Each structure stands twice: as structure tokens, then as C-alpha cells.
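Engineer: coordinates only, sequence not included:
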């Protein structure tokens, strides 16, 4: 059965290869081929899943060794897959949501002449992502890690004729590279510490090394996670990444890729358990990002950017949970899955709205759309309820658990983290309500587009609505399904070793608190956007708002410090290379030339002066001979 | 007195001749100085032959004279034609070796 | 005595060079085909060498040895170990592509302004370079090696100075002036290095009494030949300097950008992917093997230089406005990695370095050749003159991107394997060095992506709008390279199997052991 | 070499050496210091003669004679001829044109001299074998036997050398006629048609210098190049005395006026007894 694992990766990879090398003759069937292959890997995943359910909790972890990749003295890297419950969860999520989004893209990208290539990239992404979660060692994971980076680069920059898109793509890749640096250093550390970087040996041997080493590794892994999951301080790329086509935002920058960081941390749980400082760092990063994303999300008028902000903050929740250690791992993953559903749903909804509004993205120019695109409205609404944690929907279960876990961390940290998480919940409720109201309620604020014609919103085609509906279903029931009887917890138990912290607050109190902040957030938004009409042009807003519109000045900081600094550095270096390094050599050449020029003057052509030199030479010779005699 | 003094004299004359070659510009004088040097050498040879008590030194001196004669003939011929061509007897005027 | 395979491999291209040069001026195309034919034949021979070579056999195989200059104990000694074999294969492999890519580079121009350039000469010179490179990979006699190491300069000089890039910003006079400047610079740098090495070679002979690497190495190993510490260090420096110029290592690198910028893309590939490899190869073969102690003594300085090259080269690449100069500085950065791997003195580092030589050859060839095609279309080397090519010529852009990704050593492509090995190798012994070097991968991403973004994406520039996509000939050049990059990235085992034994030998030469992992050490 | 070895020479020779040696050195110095080539030549000749004497003193009788005959008799005369050809009076300035040449020359000279002396000093020849034995059969015979036996080849080759040198000299100095020699007829016709029907005017005739180098004066008192020999003209050795002549004339008339108390010197009679006057005047003027 485990021989099927490779197929999970192979199917989409094949798709990518065929679609990208196939040429124009595949244009007509390309998208169907792509969808088919991702569906295929979903089916294989299901097959493996059912097979896995058939086994006992212990022997569920499958392992497949393909071939030895880099055999070098004392260095063993294999291409081998490991499929345990954690990987399984991701496989299903990735291939499932992935397939839906393939389906959606068929409609969404209908009018793009490069649709074939788009599907090729999507398949490439699936392959890389699956490789990432299936790898049984960190190096192979690194391959997938960078692979998804590449895919996201290609997809963000898919509309390359837009300079903004190209720039955003480059930015994403570069910021991710910084993270990757962390990962590679972490791998080197593992190699020097454990002599290997396969999950099994490393995670078992954590006990045998110093805490300092573990902390170092943990921090490096955290850096990697920050890059991939857009956590502070490496979050700046996610907002710009919205330049990509909406399905991409939904699949890569909401549901799957950005959660890779969470996967990495949970997967390396053993290391973090051994390094409390690293864990603390993780939680802090998570908490900060949680607020950061939320605040940014409140200020953005671009619907996708607002959702991006919310993604950031939701992943902040997951990272926070993952930082909590065994208390939180499960919930991190659970929230990850539910988030995968509803955030993908929300993005698809947003995409469908834009589709109907001539690709208008400014929410202030929407309004009152619920009558025009009911399906979108309903699905989007369900996603909305799910994300703000409306009781009974999936978001409620997962997020609530995380907040509990945060408190359960105990001590002042616990209190701080918990309250931050609560605050985050409130803000989430606020900005999501804002989005909802601005888009679907209130009066129409539609503006004529470039061609000067008013948009005439319409419901999107089946191929787009069906995925939305399915995702909506997921975002409604997934949470409940998971948490009834702690199914999900028991499912992941063997991998993450869950333990219940001692929460200072009872589950009920936490839930109550969550409800309260929820209501507060929603009502605030209602007061601000529901009752009075919304200005089409955004008001200047408070300082915080303006800062938040600019991603809390993070980009400006980067620009001033990194970009400018870098430019100056390179320019001065170019100068140095030209004048100093090169100058030294040219200088030597010049001086030699000058010297010979001066020597040239000795040859003045006067026989007598030649005679002098000859005579002198004779004298010198005599001296030499005399000295020789003397010696 | 030791005949070695002849050698000293020869050396002195030779040096004078050489210096003359260096400081005079008139071709003919330069040429004379060369002759002077040759004669100095001859003197040395003769002195040597006396010191060693055989005639080979004199033979060499003799040959030197012959060669000197030949040299003078050719040299003066050159000088004459040189003077014809450029109405001057200065060595410095013939400085075509300058680059 | 068996068939002298190595000699044949080296001699064939030489014969080809003569034959090509002999083709009458009118039959230009014939000359091209002849050159291609010979390079392919050489490739075939190189492959037979590859097959005949047994990785687990003796250190040097297929050896040939004849007395040459008996008085000085100079022998005509050839022999290959895993490293040499792989590099020979690389050279022989790249040459046909280089020739194909340069198919029209040496065609005489119609315009009066630029002088007529004999095609025959161009291809003959390229083949001559190949011959010399191959034999200097094979030579196990220091003197023999030195001769070809130096002789290489002659054809290279003419290739750079005589067949410059036609896409030049300035006027023809300016172009030819800069070209000859570049050529002379190349020649002078390498000559200086070479002459210093010559002194060292003579010194070695004085000390050791013969030129054969194997004998000297054995003598050093069994203690029958012990050099005074200072002598060894001086000799080492003499050799290393020459190789550092060739490699090129900071601060001896400035000839490379000029040379690569001014010469045609195929010649640039010849320089950086083939000729420069002799330098790094020689570090591995001569410096470490003949002067193990001195190598260890010099390691710290060399590592620092390598680090500087990595970061400095990358930063300068970011700052370049000229596509080819950018690639040149990128190469400098990569050579920094190679040297780092060699002198990290760990088996990972050295295998990594060896793989790096091969992979860098492939990746640079891919990137540079595609860049050459691009330049030949637009007639300009300035990045600023391009934009939106992706929309007009998607295949070209795609191949360019893959070449770029290989340059930034994306996992899954061959360079990643080698780069990571080098990093791990360096990190294992000198963690700080490893970490600093890791910065290089970020910078690599920066210059590659900036280049791609500026040239390929964005709105289509009018001058670019009529640009044709890759032609069949060009695809034939690029496709195999990319295929190799991918396959070696996914399954480098054949190469590593070839290299590992040789690396173990080198490690035993320098009497270094890999540092034990902490956990095992604890046990 | 019993009996032949000696430590010193006779006092007579010593005396001769010191005296003549000094003279020789002075002669040599004069050779290189005289401004006029002809003087140099003469000094050199003197030096050579002294050398000849020294040869004789050293028992090289043949060489001594040859020295006098060949060198001072033939070669130096040859020199003098050339000097004459080039110009006796042509004195070249001794100011140095090449920067530092003189200093370098002096330095080299001194250094060289010192070196040679040092070398000779090192040689340390205590005793010496006189030529008595070698010269037993006569010096000339001795030389001859050596020349025609041991050095015969060298001798022959020298002969060849001399021949070659002679031919070479002829070749070098021989001037190829560029145009056909004129016949007498042509010459006479030329003469008749040309400007000067009579023979060319004679050079100046004042009995002062060797007057051939003084241009004759035309009626208006200006000198005429035509009167001077072509060679001198080429050498630029024409001495222009026209101004002197005119001054003399004025002075003469002045004095005549004083002495004869005649109101105006331009009377015809003034010219009558003028010849004697002129004679004495010229003498005065010549003082």
C-alpha cells in the first residue's frame, strides 16, 4: 500500500511536466488534465486514508524509500516518504482543496490564453506541497519547501505584464529565501548535531543533546516558518502576493502553503519541547502576528488584502498554538484545517465577486451585492460566520480551543497570550463583519470601470460555485465533526502526544468570553459600517488606520533599511571594484609603463653617451672580476 | 725601476684616450683618441713581452699596428665621405639612432 | 601496451582544430560541421573513458607514462581519478553545445566597419582550448600540466580579443578597444599567475627531484621526502596563486567580468564553465595533494577570501547593468563556493566542490547561452534595454528562468545538491563560515530574480516586440542542458559514486577526518 | 733563466722613462684637450714618437722603427691630410651638449684608471726576464721566425685584411660621376655665353693673411664670393674684410687731410702721391 505514496506526488508532477512542456496543442484539454491529475492524487490520498483507518493507531505510519539521493561520505540523504496521521491530514486538505480550486479556476481563468500554463503551475504547486508534507527528512522537506516557493513565485507573477505582479512575485520569493536560509542552517545544525536529518532519528535523539543546540535549531526553524507563513517580521510579502489570480490566493496564500510553517513546527515538536525558549519565541511571534494581521485587515479596503490580513492573523493563531507545545499542536492543526476550508471559501467568494464586478477589488465600490449573487453571498456568509467563530461552525471549535490552550499555558505568559488571543478574536469579528457589510449590504456604490460602463454583477458559472458550496459545507461542519469526541485529537495523538494543560479558566468561561468579544466586535463594525452609509473614497482615518493601510509601515521600513541600504552598498561596491581592486592592477601597469618611458630617454642616439655606458660597463666588469679574484 | 711602470703608463694613456673618445665631438679627434688607446695597448704588450722574456707580445703589437693601419684607412675614408655628405665632422650630428 | 585512450581523448580535438583551420575560406559551413563532428567524437571518447573508469579501482586509472625530457625527469604521464573523469566528461559534453551556440558568431559581417572574421579560426581555437583543457585534467606530471595550463592562454587570448561580442554599446572602435583591453587583461593576469607557478614548479623539482605527482605524494606520505615548513608554504603559495587567478578568487577576479563581457556568449561559457575549472581542479589535485601541511596552514585565509568572493561577487552581480557581466560576477560568487568546499577539508565539502564544478558548468552554460541568444536578438547587453520578453518569446524566457533558478541553486536542480554539500561541509568544521556563506543563497536569489524581472516581465518594450522565440538549433543547445540539470538534481548518485573515492583519497592526503556529529561523539 | 732575471732596469732607462713618460702623458692630454684638430694630431704624433722610443728601450727594435715609420710617418700624416680636407682652421667648441656627459666621462675615466692601476698592482711582478735571450739572433729575425711559423696564418689574414681595407677605402671615397664630363668645346662655349667671359676675378690682394680666403672687393667696396676658392667657400672660411678696408680708407683720408693741410681731400692731386702714403698707412693699420 505504501508504494502508492509516491504516486501522490507523481500525479501532479506529471501533470505539471506535461502541461508546461506540452505546448499549445494542449491548450484545449490542459485544464481538464490538470484537474484530473490533482483529483487523482486526492483519490489516492483517500484510498490511503481508508487503509490507514483500517489499522491500529500505532502501525498507521507508512514509510516508502524510493532511492538514495545524495550518498556522500558521512552524509546520507534519501528520497523517502513518510505518511503518518499528520501528513495524511495535510495530504487530504491539500489535494482536496487543491482539486476544488482547480475546478474553480477552470471557470475563473476561462478568458486567459495562458490557462494551460496556469494549471501547469498549480499542479507543480500541488506536487511540491505534497512532497513537503510527505518527506521523511528535512532535506527533502526543504526541496518541497522551496518548490512551493517557486510555484507561488510563478503564480503570483502569473500576470507578468503587470509590473506590480512581477515585483510582488520577486518580493515573495526573496522574503521566503530569507526563511529558507533559516531552514538550511537548521538542517546543517541537525547534521552536525545528530549526523542526520531524517525525522525519525533526529526527533528521537533530541534528548541526547544540549538545550542550547535545540534552541538554536528551533529558532532557525521558526525563522523558516516565519518566512513561509508570513509571520512577523517576514510577513510583508503576503499582502502583495494578492496580485496573483484569486484561486492562487485561495489555494496557496490562504489554505495550504502559508500553513507550511505550522506543519514544520508541529512536525519538529520534539525539538521545540526540548527548547522552551524557542517555544516562547514561537508563541510571541504568533501572538504579535495575530494582532498585526488583524489590525492590517481592519484598515484595508482591497477585499483580497483584507482577507490576506486575516489569513496572517489566523496563522498567527496556529503558530501561537504550535508554540504552546503538546497542549496546542492538535488545535493548531485543527484550526489549520478548518481555516483551510473557510478561508479558501472566502477567497473564492471574493474572486467570484470580483468576477462579477469587472475585477474591481475596492470594497468601498461594492455594496448591496447579496441580491445579485446569492450563492456567493451565502457561501461567503457561512465562511464569515465560521471565521469569526460563530458557535457551531468550524471556526468556533478550533479557535476556541486555541484560546483555552493559550490560557492553559499557565503563568503570566498564559494570561498574556490568552488575552491577546481573545483580543484577536474581537478584532477578527470586527473586520470580517466590515468586509461582509461593505460587500453585500448597504446601498450600491458601484463605480464605472475604465471603459466607463457600470458593472452588472451576475452569479458565477457552475464550475466556480460548486467548489464554493463544497468549501462552505466544509467550513460549516468540519469543526464540529472533528471535535465531537475529540476525534481529531485522538487521530493525531500518536504524532503530537497531546496533553491537557491545567487551564486557570474553565472551558465554559473561555467560551463565554469569546462570545462576548465576538458580539462586541460585530456590533462595533455594525455601528461603523452598517448604519450610516459608507463613503466611496476612504476617509483619512486615524494615525493607526493610516499606518495599518500601509501594513503598519513594515514595507517602508524594509524599503529604507534593506532596499536603499542594499542599493547603496552594491553601488559603492561596484565603484570600489572598478577603482580599487581593478585600479591597483591598472596602476601597476601604468607605473611600469612610465618607468620604461623614462628608461627610453637613455637611448638618446648619441654615440658618445652609448660609449659612456659601454665604458662604464667595462669598468663594472673589471670590478666584478677583481672581486671574484678577491673572493 | 721596474718595467711594470710601463704598464702604468700604458694604463694612463689608455684611460686618457678613452676619456677623449667620450668628451670630444670632432670625429677625427675621436679617431685619434682611439689610436692613442691602441698605442697604449701596444706599449703594454711590448712591456709584457719584456717581462716574460719572449717575443709573442711584440708579435701581437705588430699585428695590432697592422690592423690599426687598416682601421685608420677605412675610418678616415668613412669620415671623408661623411664630411662630403653633411659638411660636418661632429659625431653628435650622426645621432640617427635616436628613437 | 593497450590503446592510449586518454591521449586519444586529448589529441582528437587537437587534430580537429588543425583540420578545421585547414578548411578553405569559402567553405565556412563545412568548417562548422567539421568542428561539431570532432567535438562529438571527443564526447564519445570521453564517454568511453567514463565507462572504462572503475570508481572503486586504483586512484589513477588508464595511466600512460613515457619518458619525455629525461634530463629533468619530466615524463609524459597521464591518469585520471574520479574528479578528473567527471570534469573531462563535462568539458567534452559542453563543447558541442558551445560550438552549436556559436554557430553564427564568427560569420563575416557584411558591414564594412567591422573586420572580416575567419570562421575557421574561431572553431579551431575552441577545439584547441578543449584539447588543452582535457590534457591538463589528465596530466599527472606537474610539468606537463603546467605547459598546457599556460598554453591554454594563447587560444583563449585570440578568442577573447579576436571574436568579440557584436552586441556592443559603443562604436566599433570602442568595442575593439575594450575587447583588446579585456583580452590583454586576461592574458596578463593569468601569465603573472602562471609565471609565479613556474617558479614554484622549478622549486618543487629542486626539492623533490621529479615532477610526478604520484611519486611525490607517495614520498611525502611515507616520509622519505620531507620539505622544510617554509619551503612547502612558499611552493604552496606559488601554486595556489596561479590557481586563484584562474579560478578566480577575490581579489584576483577583475579579469573575468571584462573577459566574459567582451567575448561572445559561447566563449564566455568556455571561459567560466571549462577553463576556470582547471584552476579549482588544480587546487584539489596539486595544492592539497602535494602540500597538505601548507594547505592546512593557509586554510583560514583562503576560507576568508572564498567568503568574500561569495558575498562580494553576489553583491556586485546585483549592481550590474550588463547581463553578461552579471553572470560573470555570479560565477565569481560560485567559484567562492567551490573554493570554500575544497578547503573546508571535509568529505562533504570536497565532494560538494567537485559536483559544484560540474553543475556550475551546466547551469552557467544554460544561463549564459540563453542570455547570448537573447542578446543576439536585440543587439544589446544592457538589462535596461529589455522588458516583457516573456510575452513575446515564452520558451526563451522559460529556459532563461530555469537557467536562473539553477544559478540560485533551487532544490531539485543540480546546483542545489553541490551547494548544500559545500555549505554543510563548511558548516561542519567552521559553523560561522557556513552561516555567512548561506547568505549567498539569498543574494543569489536577488540578482537572478531581478535580472529575470527586468528583462522578461513587465510591459513589452517596442524593440523587443518582434523578437522571435528560440529556434531549433538553439533549443537543441538548451534542452539537453536543462534535462541534465534536472536529472542530476534529482539523481546525482552516479556522479557522487564517481567522486567519493577520489575525495576519500584527498582526505587521506591531508590526513583530515570529518568532524563527528555531537551525538555520536557523546556515545 | 739564470742571469737573465733582473729586478730593475738601468738608471738611464729609468731617467728616460720618467722624463719622456711625462711628456707622453702631456702629449696625450693635449691630444684630447686641444680645440683644433690639427694641434691634437701633432700632439698625438709626438706621443707616438715617444712610444717608439719606449719600444726601443724595451728591446722591441723592429716595432720601434715600425712605430715611427708607419704611425708617425704614415698614419698621422693621413690624419693630417684629412684634417686639412676638413679644415685646418675649423676649431670645434668644447662646450658639452649632452647633459652630464662630461661628468660621466670623467668619472668613468678616473674609475677606470684606478681599476687598471689596482689590477696591475695586484699582478705583483717582482722580477722580469729581459729579452736578451729572445733577441739573441736579432730582434727582427726572432719576430720573423715567429711570424712565418707560429703566426703565419694570422699574418696572411692580416694581409688579406689590408687589401680589403684598401679596396674599402677606395670604394668609400670614390665618387661616381653623375653627369658626363664636359668637353673642352662645351666649356669654351659655356664660357663665352656665360656671365664671365674673362677669368674669374682674383681674391683680395691685401698682403695680410694667406689672401686666398679673403674675398676681393667690388668697386663699391662689397666683397664678392666669386673671387674665393670653391672649397673655402664650402667650408665657410671666407673672411670678410670689407668693413676693415673701408675703415682704413677713411682713416687714411683723415690722416692725409691732417698732414697736407688741404681743405678738401678730394682734389685730384691728393691721389697722385697717394701710393706711398697708402703703403705706410696700411702698415699702421696692420699694427
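Structural biologist: Thanks, I have it. Every value quoted in this text rests on a predicted model; they were computed, and no experiment measured them.

Engineer: which strand or helix spans the spatially closest residue to residue A:530 that is not a sequence neighbour?
Structural biologist: Leaving aside its sequence neighbours, residue A:530 sits nearest to residue A:437 (C-beta to C-beta, 6 or more residues apart in numbering or on different chains; 5.1 Å). Glycine gets a C-beta too; all of them are placed from N, C-alpha and C. Element membership for residue A:437, per DSSP states H and E: helix A:411-440.

Engineer: which other helices and strands contact that helix?
Structural biologist: helix A:276-299, helix A:303-323, helix A:374-388, helix A:394-408, helix A:507-525 (3 or more C-beta pairs under 8 Å, 6 or more residues apart in numbering or on different chains; DSSP states H and E).

Engineer: got any ranges where the stretch 151-300 of chain C has weak pLDDT?
Structural biologist: Residue ranges of the stretch 151-300 of chain C with pLDDT under 70: C:166-170.

Engineer: neighbours of the residue in the stretch 501-631 of chain A positioned nearest to chain C, how many?
Structural biologist: Chain C sits closest to residue A:570 of the stretch 501-631 of chain A, with a gap of 3.6 Å, by C-beta to the nearest C-beta. Residues lying near residue A:570 (other C-beta atoms under 10 Å in any protein chain shown) number 20.

Engineer: can you name the residues that contact it?
Structural biologist: By C-beta atoms under 8 Å, 6 or more residues apart in numbering or on different chains, the contact list for residue A:570 reads C:315-316, C:318-319.

Engineer: the longest strand seen in chain A: what's the following helix or strand?
Structural biologist: Longest strand of chain A, by residue count under DSSP state E: strand A:62-72. Past strand A:62-72, further along toward the C-terminus, the next helix or strand under DSSP H and E is strand A:75-83.

Engineer: packing partners of whichever helix in chain B runs longest?
Structural biologist: Identified as the longest helix of chain B according to DSSP state H is helix B:56-86. Judged by 3+ C-beta pairs under 8 Å, 6+ apart, the packing partners of helix B:56-86 are helix B:27-52, helix D:61-66, helix D:76-86, helix D:139-145, helix D:152-173.

Engineer: got the buried residues for it?
Structural biologist: B:56-66, B:68-83 (16 or more other C-beta atoms under 10 Å in any protein chain shown).

Engineer: ditto for stretch A:475-491
Structural biologist: A:475-479, A:482-483, A:488-489, A:491.

Engineer: who touches it?
Structural biologist: So stretch A:475-491 is contacted by A:57, A:85, A:89, A:330, A:333-334, A:337-338, A:341-342, A:345, A:382-383, A:386, A:392-398, A:401, A:498 (C-beta under 8 Å, 6+ apart).

Engineer: cutoff 6 Å now
Structural biologist: Taking contacts as C-beta atoms under 6 Å, 6 or more residues apart in numbering or on different chains, the residues outside stretch A:475-491 that touch it are A:85, A:330, A:334, A:338, A:341-342, A:345, A:382-383, A:386, A:393-394, A:397-398, A:498.

Engineer: which pair in those spans the largest distance?
Structural biologist: Farthest apart among those by C-beta to C-beta are A:382 and A:498. That separation is 29.0 Å.

Engineer: show me which of those two is the more surrounded one.
Structural biologist: residue A:382 (26 against 18).

Engineer: go ahead and confirm that one touches residue A:472.
Structural biologist: Yes: using C-beta atoms under 6 Å, residue A:382 is in contact with residue A:472, at 4.4 Å.

Engineer: residue A:533 - how many residues pack around it?
Structural biologist: Here the number of neighbours of residue A:533 (other C-beta under 10 Å) works out to 10.

Engineer: kindly list the main-chain dihedrals of it?
Structural biologist: Dihedral pair for residue A:533: phi -60, psi 150, per degrees, to the nearest 10.

Engineer: and for residue A:167, the neighbour number?
Structural biologist: 17.

Engineer: what comes into contact with stretch A:314-321?
Structural biologist: Taking C-beta under 6 Å, 6+ apart as the rule, stretch A:314-321 contacts A:229, A:231, A:258, A:262, A:283, A:286-287, A:289-290, A:293, A:328, A:331-332, A:335-336, A:339, A:402, A:405.

Engineer: kindly recompute the last result at 7 Å.
Structural biologist: Identification of contacts with stretch A:314-321 by C-beta atoms under 7 Å, 6 or more residues apart in numbering or on different chains yields A:225, A:229-231, A:258-259, A:261-262, A:265, A:282-283, A:285-287, A:289-290, A:293, A:328, A:331-332, A:335-336, A:339, A:343, A:399, A:402, A:405-406, A:417, A:421, A:424.

Engineer: same check, this time on stretch C:84-96
Structural biologist: C:9, C:36, C:39-40, C:42-43, C:46, C:49-50, C:53, C:80, C:130, C:133-134, C:137-138, C:269, C:273-274, C:277, C:281, C:354, C:357-358, C:361, C:365, C:495, C:498-499.

Engineer: which residue does the stretch 101-250 of chain C bring closest to chain B?
Structural biologist: Chain B sits closest to residue C:184 of the stretch 101-250 of chain C, with a gap of 23.1 Å, by C-beta to the nearest C-beta.

Engineer: quickly find the element holding that residue.
Structural biologist: Going by DSSP H and E, residue C:184 is in helix C:172-208.

Engineer: secondary structure element holding residue A:472?
Structural biologist: Secondary structure from DSSP H and E places residue A:472 in helix A:462-483.

Engineer: redo the helices and strands packed on helix B:56-86 as JSON lines? Include mean neighbour count, distance to residue C:2 and mean pLDDT.
Structural biologist: Output for those, formatted as JSON lines (neighbours: other C-beta atoms under 10 Å in any protein chain shown; distance: least, C-beta to C-beta, whole Å; pLDDT from 0 to 100):
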{"stretch": "helix B:27-52", "mean neighbour count": "24", "distance to residue C:2": "71", "mean pLDDT": "91"}
{"stretch": "helix D:61-66", "mean neighbour count": "20", "distance to residue C:2": "79", "mean pLDDT": "91"}
{"stretch": "helix D:76-86", "mean neighbour count": "18", "distance to residue C:2": "81", "mean pLDDT": "84"}
{"stretch": "helix D:139-145", "mean neighbour count": "16", "distance to residue C:2": "75", "mean pLDDT": "89"}
{"stretch": "helix D:152-173", "mean neighbour count": "14", "distance to residue C:2": "63", "mean pLDDT": "91"}
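
Engineer: give the contact list for the closest residue in space to residue A:302 that isn't next to it in sequence.
Structural biologist: The shortest distance from residue A:302 to any non-neighbouring residue, by C-beta to C-beta, 6+ apart, is to residue A:361 (4.8 Å). Shown in contact with residue A:361 (C-beta under 7 Å, 6+ apart): A:302-304, A:354.

Engineer: measure residue A:361 to residue A:239 for me?
Structural biologist: Separation of residue A:361 from residue A:239 (C-beta to C-beta, to the nearest Å): 12 Å.

Engineer: got it, and residue A:420?
Structural biologist: On the measure of C-beta to C-beta, residue A:420 and residue A:239 end up 22 Å apart.

Engineer: before we move on, what about residue A:204?
Structural biologist: 40 Å.

Engineer: again with residue C:349
Structural biologist: Taking C-beta to C-beta, one finds residue C:349 at 40 Å from residue A:239.

Engineer: more neighbours: the two, which one.
Structural biologist: The residue with more neighbours, out of residue C:349 and residue A:239, is residue C:349; 31 against 27, by other C-beta under 10 Å.

Engineer: can you put the helices and strands packed on helix B:56-86 in TSV and add distance to residue C:125?
Structural biologist: TSV is the format used below for the helices and strands packed on helix B:56-86 (distance: least, C-beta to C-beta, whole Å):
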stretch	distance to residue C:125
helix B:27-52	55
helix D:61-66	70
helix D:76-86	62
helix D:139-145	70
helix D:152-173	53
